[in-house]
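In: from the sequence below, what's the structure:
(2 chains)
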Amino acid sequence: MVIKDKLMKEKLENLIKETLKNLQIEFSDISLEHPADLKMGDYSTNVAMVCAKKLGINPKELAEKIVEEVNKRAALFEDLRAALNNVEVKNGFINFYLSQEFFIDNIKDVLENKNFGKNNLFNGKKVMVEYTQPNPFKPFHIGHLMSNAIGESISRIVEFSGAKIVRANYQGDVGPHVAKAIYQMLKNENDTSSVMAESVSLVEKADYIGNSYAKGNDAYENYEEAKKEIDEINRKVYNKSDKNINEIYDWGRRITLEAFEEIYKVLGTNFNYYFFESIVAPIGLKIVHENCESAESPEHSRRIFEKSDGAIVFHAEKYDSKLHTRVFINSKGLPTYETKELGLTQIKFEKENPDLSIVITANEQEEYMKVVGKALEIMNPEIASKMKHIVHGMMRLSSGKMSSRKGNVITGESLIIESCDKILEKIKDRDFTDEEKEQISNDVGVAALKYSILKQNIGGNIIYDAEKSISFEGDSGPYLQYSYARACSILEKAKIENILPSLVFLRSDIKSLKSSDFHIFEIEKLLYRFSEIVERSAKEFAPHYIANYLVDIARAFNAFYGNNKIIDKDDSMSPYKVAITLVFSSIMKNGLYLLGIKAPERM
RNA sequence: GCCCUUGUAGUUCAAUGGAUAGAACGAGGCUCUUCUAAGGCCUUGAUGUAGGUUCGAUUCCUACCAAGGGCACCA
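Out: Numbering: from 1, shown residues only, chains lettered A, B, ... in the order given. All right, here's what the predicted structure looks like:
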């Protein structure tokens, strides 16, 4: 058995270390990387250039000397001898070329090892991930879609890296936005009661509530009278004092939550916890009051929060000049977002006590969270150290339109439907049953959207182009799925032709082949890297490394497909090519899973 | 004004301090009596400005310019 993927890097690093030691060069920080260009080898190190200056030697000469010594040492070990094809100096770099035997053994490894691609970065850790956070009474907008795609992918990646994942959702079921929606629904009492009827669909009901919020919000901003009424309703919602309001509230909350659940089903998310502001708010209030300057009890001597203009605030700039003051309890005695966040954090740790608690939100909340984090750090440094806030950018539509033909705001939901409908239109003439078409267009439509969100660094804003996103060409979710489906179809044919993937492709077989008959395919040089890509994604909480990698292997596979006949009874290489196809399909499926994307076998 | 984030082909995005800065879309050409041509192959083009650190800077540091976000009772 030759060395496989991760071990290879370690072995090579050790080899270089030993070599330097032999040459009496002191250097510990070995950098060994994959060169960007496959022509430059499979691994590459810059030690010669780094050490040359210190030693006052020409880097090229030093590199030659190191290579000579490396070759001598590598010859002593059977595994290295088999795995290394060539070591050479180019532009001062020392490049390592791996052998056919290395690649073949790694193809075998993927086929035999069920855990291929996994790593143990988070072994034994419990990680809670909070994401999506749509608010009852408001539409599921594009930001929620982004948060969901990113949160689900990060959850899966971290889970794949050994963690136990707890998925959490946090929803604002009290507050001004609720009052605005209820205000409008009370104004249109007749419409409201007819929408509440059984016969009206869930989607229509949820739309009605979302639109009521939008109108109520408008009234709040433009009419003093409405503002007063809404503030009054807000208070009544908090203390549940009005029977009529309670009834509409209970109904609206239930309907919008049910509608969200339908969306999660389409997106492929299952939450373990739903936290609500109504539950979290009183806990946060208690925390703030106990740590406020007015607290009389002597055990609460920490005066973190201070009274100011009738509100209770936290002067974060006292602790960190880069932060600022924020209101935690407003002058009406109601908790703000910051206070609720403190309550939420406490509940999370009481219920699950995670080793790491991740919160995913849009970047507009970055500065608030730093202030909340500072307050938390003073009160409970242990919990604060386990919190991680991951922010994502905003999505803009390339068309510039943010509202649909009906004049409604384009919601996350409408974007999903539009995407799926377009795919359905594209595949309408294909040879599938209506049921299959429905399933495929759902899987592909959602993939198109999710991929558009995940293909780039999550911190930046996204310009969403619906046409490009659903395109099956180039850099898209459907392109990845198409490549997978194509591989599946080849494997199906292989089965019919009875060409089985060769699991035992013996070293003697390779040697008996003339070198002209055998060359290492680009796809082979990429497949074994899957696990290190996943590990890096997990370490940096960055799904886009996986997305980019999948495009790379899809392209390499399609080139392999385009330039080779895979199923060919007269070709002794055919079983091995089938094996490569099988490995590609398995890695693509796993990779798509990590992005939260389904992999249909036909499309 | 202060703080955070971001400036890369015409456009949308990559690039763990490294090699000739990669893709995709767009444009032009070629390609299937072979497994999904929704594919493949070829051609075309970019690091905001000015310094600094380094053998080497898109990456790190400083200043400037530009965009987005935050800066007291919304979330």
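In: tell me the secondary structure for the residue of the stretch 401-550 of chain A found nearest RNA strand B?
Out: Nearest residue of the stretch 401-550 of chain A to RNA strand B, counting by C-beta to the nearest atom of the strand: A:G474, 2.2 Å away. (C-beta placed from N, C-alpha, C; glycine too.) What DSSP: H, G, I helix; E, B strand; the rest coil gives for A:G474 is coil.
In: what number of residues lie near it?
Out: 10 (other C-beta atoms under 10 Å).
In: can you report phi and psi for A:V327?
Out: phi -80, psi 130 (degrees, to the nearest 10).
In: and the one 3 residues further on, by the same measure?
Out: For A:N330, the backbone dihedrals (degrees, to the nearest 10) come out as phi -80, psi 170.
In: wait, doesn't it sit right on A:E338?
Out: No: applying C-beta atoms under 8 Å as the test, A:N330 and A:E338 come out as separate, 10.6 Å apart.
In: re the thing from before, can you report phi and psi for the residue of the stretch 401-550 of chain A closest to RNA strand B?
Out: For A:G474, the backbone dihedrals are phi 60, psi -140 (criterion: degrees, to the nearest 10).
In: neighbour count: A:N330 and A:E338, which is higher?
Out: A:E338 (20 against 14).
In: hmm, the helix or strand containing the more buried one touching RNA strand B?
Out: For A:E338, the enclosing helix or strand under DSSP states H and E is helix A:337-351. Yes: shown here: helix A:337-351 in contact with RNA strand B (C-beta under 7 Å from any atom of the strand) through A:Y337, A:K340.
In: and that helix, how far out from the chain middle?
Out: 24 Å (C-alpha atoms, centre = their mean, to the nearest Å).
In: and stretch A:101-110, by the same measure?
Out: The answer for stretch A:101-110 is 29 Å, by C-alpha atoms, centre = their mean.
In: repeat for stretch A:88-108
Out: The answer for stretch A:88-108 is 31 Å, by C-alpha atoms, centre = their mean.
In: likewise for stretch A:132-141?
Out: 20 Å.
In: what about it, how long is it end to end?
Out: This stretch, stretch A:132-141, spans 10 Å end to end (C-alpha to C-alpha, to the nearest Å).
In: mean confidence for that stretch?
Out: The average pLDDT for stretch A:132-141 rounds to 93.
In: contact partners of it?
Out: With contact meaning C-beta atoms under 8 Å, 6 or more residues apart in numbering, stretch A:132-141 is reached by A:144, A:147-148, A:151, A:169-173, A:177-178, A:180-182, A:206-207, A:209-210, A:212-214, A:252-253, A:256-257, A:259-260, A:263-264, A:269, A:271, A:361, A:409, A:411-413.
In: these in helices, which ones?
Out: Using DSSP state H, A:144, A:147-148, A:151, A:177-178, A:180-182, A:206-207, A:209-210, A:212-214, A:252-253, A:256-257, A:259-260, A:263-264, A:412-413 are the members of the contacts of stretch A:132-141 that sit in helices.
In: show me which residues of the stretch 201-350 of chain A sit near RNA strand B.
Out: Residues of the stretch 201-350 of chain A lying near RNA strand B (C-beta under 7 Å from any atom of the strand): A:277, A:308-311, A:313, A:322, A:324-327, A:330-332, A:334-337, A:340.
In: now, which of those residues lie within strands?
Out: A:S308, A:A311, A:V313, A:T325, A:R326, A:V327 (DSSP state E).
In: let's have those residues in JSON lines, adding pLDDT, neighbour count and distance to A:I107.
Out: Conversion of those to JSON lines gives the following (pLDDT from 0 to 100; neighbours: other C-beta atoms under 10 Å; distance: C-beta to C-beta, whole Å):
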{"residue": "A:S308", "pLDDT": "90", "neighbour count": "13", "distance to A:I107": "66"}
{"residue": "A:A311", "pLDDT": "94", "neighbour count": "18", "distance to A:I107": "65"}
{"residue": "A:V313", "pLDDT": "95", "neighbour count": "20", "distance to A:I107": "62"}
{"residue": "A:T325", "pLDDT": "94", "neighbour count": "13", "distance to A:I107": "60"}
{"residue": "A:R326", "pLDDT": "95", "neighbour count": "21", "distance to A:I107": "56"}
{"residue": "A:V327", "pLDDT": "96", "neighbour count": "18", "distance to A:I107": "60"}
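In: number of nearby residues for A:K39?
Out: A:K39 has 9 nearby residues by other C-beta under 10 Å.
In: nope, A:M8 is what I was after
Out: When counting by other C-beta under 10 Å, one arrives at 23 neighbours for A:M8.
In: you'd agree it is up against A:L98?
Out: Yes: between A:M8 and A:L98 there is a contact under C-beta under 8 Å: 7.3 Å.
In: what do those two both touch?
Out: Shared contacts of A:M8 and A:L98, counting by C-beta under 8 Å, 6+ apart, come down to A:Y43, A:A83.
In: any idea how far A:R430 is from the closest residue to RNA strand B within the stretch 301-450 of chain A?
Out: Proximity of the stretch 301-450 of chain A to RNA strand B (C-beta to the nearest atom of the strand) peaks at A:N330, 2.1 Å away. Using C-beta to C-beta, to the nearest Å, we find A:N330 at a distance of 58 Å from A:R430.
In: before we move on, what about A:T411?
Out: 29 Å.
In: C-terminal to the lowest-mean-pLDDT helix or strand in chain A, what's the next element?
Out: Of all helical and strand segments in chain A, the minimum by mean pLDDT, DSSP states H and E falls on helix A:507-512, at a mean of 52. Per DSSP H and E, the first helix or strand lying C-terminal to helix A:507-512 is helix A:522-527.
In: that following helix near RNA strand B anywhere?
Out: No: legend: contact between helix A:522-527 and RNA strand B by C-beta under 7 Å from any atom of the strand is lacking; minimum distance shown is 8.4 Å.
In: ok now that helix, how far from the chain's centre?
Out: Here helix A:522-527 is found 24 Å from its chain centre; the criterion is C-alpha atoms, centre = their mean.
In: run through who's touching it.
Out: The contact list for helix A:522-527 (C-beta under 8 Å, 6+ apart) reads A:38, A:42, A:98, A:103, A:106-107, A:110, A:549, A:552-553, A:556-557, A:559-560, A:580, A:583-584, A:587.
In: before we move on, what about stretch A:79-89?
Out: A:1-3, A:8, A:11, A:15, A:41, A:48, A:60, A:63-64, A:67, A:70-71, A:74-75, A:94-102, A:507.
In: from those, which land in helices?
Out: Going by DSSP H, the helices hold A:8, A:11, A:15, A:48, A:60, A:63-64, A:67, A:70-71, A:74, A:100-102, A:507 from the contacts of stretch A:79-89.
In: just the buried subset of those, please.
Out: Buried members of these, counted by 16 or more other C-beta atoms under 10 Å: A:M8, A:K11, A:L15, A:A48, A:A63, A:V67, A:V70, A:A74, A:Q100, A:E101, A:F102.
In: nearest to RNA strand B among those?
Out: Out of these, the member with the shortest distance to RNA strand B (by C-beta to the nearest atom of the strand) is A:A48, at 8.9 Å.
In: tell me, what's the model's pLDDT at that closest one?
Out: On the pLDDT scale, A:A48 is placed at 92.
In: what sits against it?
Out: A:P59, A:K60, A:L62, A:A63, A:I66, A:V89, A:G92, A:F93, A:I94.
In: if I look at the fifth one, how far off is RNA strand B?
Out: As for A:I66, its distance to RNA strand B is 14 Å (criterion: C-beta to the nearest atom of the strand, to the nearest Å).
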